[in-house]
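*Asks:* Using only what follows, build the 3D model:
(2 chains)
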Amino acid sequence: GIQVEQSPPDLILQEGANSTLRCNFSDSVNNLQWFHQNPWGQLINLFYIPSGTKQNGRLSATTVATERYSLLYISSSQTTDSGVYFCAVVLSNFGNEKLTFGTGTRLTIIP
Amino acid sequence: DTGVSQDPRHKITKRGQNVTFRCDPISEHNRLYWYRQTLGQGPEFLTYFQNEAQLEKSRLLSDRFSAERPKGSFSTLEIQRTEQGDSAMYLCASSKSPPREQYFGPGTRLTVL
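*Replies:* Numbers count the residues shown, from 1 in each chain, chains lettered A, B, ... in the order given. Model prediction:
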């Protein structure tokens, strides 16, 4: 099956710092989503980005589908950004709808 | 738009008991998905529905698990004869078709004693 790897696995930053999270995937995908999982377990949608670049406030994401990777940028980090960040993909197979999640990046923002 | 809702949020049960969880998707979303997440891991796909039809099931969904979406709206996930290994967060998601961006509910955390 498809492999989805995220790096780094853990990241500890001071408040105000910028960060880049990476997601590599092993096969062609139809769908790529980035999520933030809060301490209560809720998965919060950040981006639906099978290709191209999107921005939402302090967050932006870029997916280069031909090279099979996606990047999530967080600028001017705040303590509320702490949590686990997942990327998840759907393979480019007809009828395949399941999201395959990456290994996650645990981000800790220190005041 | 209200989001995906799940009930109950927490369930503690004894080994061998049956449990049932409910998921209400975002209205007008015709696709509904179930995932399971264990501690320290990302969510893993269990099954999905398009309207009332169950279209794909993971190998993770053993004979003790059954999911239904009888009228194409809410869905239930039942686990029979629970085992300690079933302890996990059970997540439900829904999407339109197209686009297929999936939105997740808050999850049901199951603890089997």
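*Asks:* middle-most residue in chain B, spatially?
*Replies:* Nearest to the centroid of the C-alpha atoms of chain B, with distances taken as C-alpha atoms, centre = their mean, sits B:Trp34, at 3.5 Å.
*Asks:* B:Gln80 touches B:Arg64, doesn't it?
*Replies:* Yes - with contacts defined as C-beta atoms under 8 Å, B:Gln80 counts as touching B:Arg64 at a distance of 4.7 Å. Glycine gets a C-beta too; all of them are placed from N, C-alpha and C.
*Asks:* coming back round to it: gap between the residue nearest to the centre of chain B and B:Val4?
*Replies:* B:Trp34 is 11 Å from B:Val4, where distance means C-beta to C-beta, to the nearest Å.
*Asks:* Please enumerate the shared neighbours of these two.
*Replies:* Residues within reach of B:Trp34 and of B:Val4 at once, by C-beta atoms under 8 Å, 6 or more residues apart in numbering or on different chains, are B:23, B:92.
*Asks:* How about the contacts made by B:Val112?
*Replies:* With contacts taken as C-beta under 8 Å, 6+ apart, B:Val112 has the following neighbours: B:13-15, B:82-87.
*Asks:* Swap in 10 Å and give it another go.
*Replies:* For B:Val112, the set of contacting residues under the criterion of C-beta atoms under 10 Å, 6 or more residues apart in numbering or on different chains consists of B:11-17, B:19, B:79, B:82-88.
*Asks:* now, which of those residues sits nearest A:Thr108?
*Replies:* Compare each of the contacts of B:Val112 with A:Thr108 using C-beta to C-beta and the shortest gap goes to B:Ala88, at 24.1 Å.
*Asks:* per-residue pLDDT, the closest one?
*Replies:* We have a pLDDT of 97 for B:Ala88.
*Asks:* what's the answer for the one 5 residues further on, then?
*Replies:* Model confidence at B:Ala93, expressed as pLDDT, equals 97.
*Asks:* One more: the one 4 residues further on?
*Replies:* At B:Ser97, the model reports a pLDDT of 78.
*Asks:* repeat for the one 3 residues further on
*Replies:* Per-residue confidence at B:Arg100 stands at 83 (pLDDT).
*Asks:* next one: B:Ala67
*Replies:* The confidence metric pLDDT takes the value 96 at B:Ala67.
*Asks:* Now it: phi and psi?
*Replies:* Backbone geometry at B:Ala67, expressed as degrees, to the nearest 10, gives phi -130, psi 140.
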